[in-house]
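Chemist: I'll drop the sequence and a predicted model, then ask my questions.
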Amino acid sequence: MKTPRSKWWLAPLAILFLALSLVLNLRLPRVVAALLLGASLAAAGMVFQMLFRNPLVDSGFLGVSQGAAFGAALAILGAEDGMAWIESNPHLAGLLMVENGHALYSRKMQEYL
């Protein structure tokens, strides 16, 4: 970037404004998205632990991740209905796995009581 000799003092300001623009337009949205994603994963883990009353439970242990992957594979194989089906089917399959796990857990707890 060439500046006239009479405006040599503008070059550092242009670099500063470029750096500020990069930080605000590129880095900040990614940081905010990462924070929101981390908070939502932490909230989901807390809900699992409260639902099953077990501090060691996680989505891999319950089969939710595997059920969502299976639902995604089924949606991709039968992808004639469009992207909405491919995006929503893993969520539904994961929710179904949570419901199945909770039903089995509550039935098992009823036997112990």
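Modeler: Everything's here; your move. Numbers count the residues shown, from 1 in each chain.

Chemist: From the contact counts, what lies against the single longest helix found in the chain?
Modeler: In the chain, with assignment by DSSP state H, the single longest helix is helix 83-112. Applying 3 or more CB pairs under 8 Å, 6 or more residues apart in numbering; DSSP states H and E, we find helix 83-112 packed against helix 28-52, helix 59-62, helix 64-77. For the C-beta atoms, the positions are set from N, CA and C on the backbone; glycine is no exception.

Chemist: Tabulate those helices in TSV, adding columns for distance to Gly101.
Modeler: Formatted as TSV, the helices and strands packed on helix 83-112 follow (distance: least, CB to CB, whole Å):
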stretch	distance to Gly101
helix 28-52	7
helix 59-62	5
helix 64-77	8
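
Chemist: Lowest average pLDDT across those helices?
Modeler: Comparing mean pLDDT across the helices and strands packed on helix 83-112, the lowest value falls on helix 59-62: a mean of 78.

Chemist: Good, we can wrap up now.
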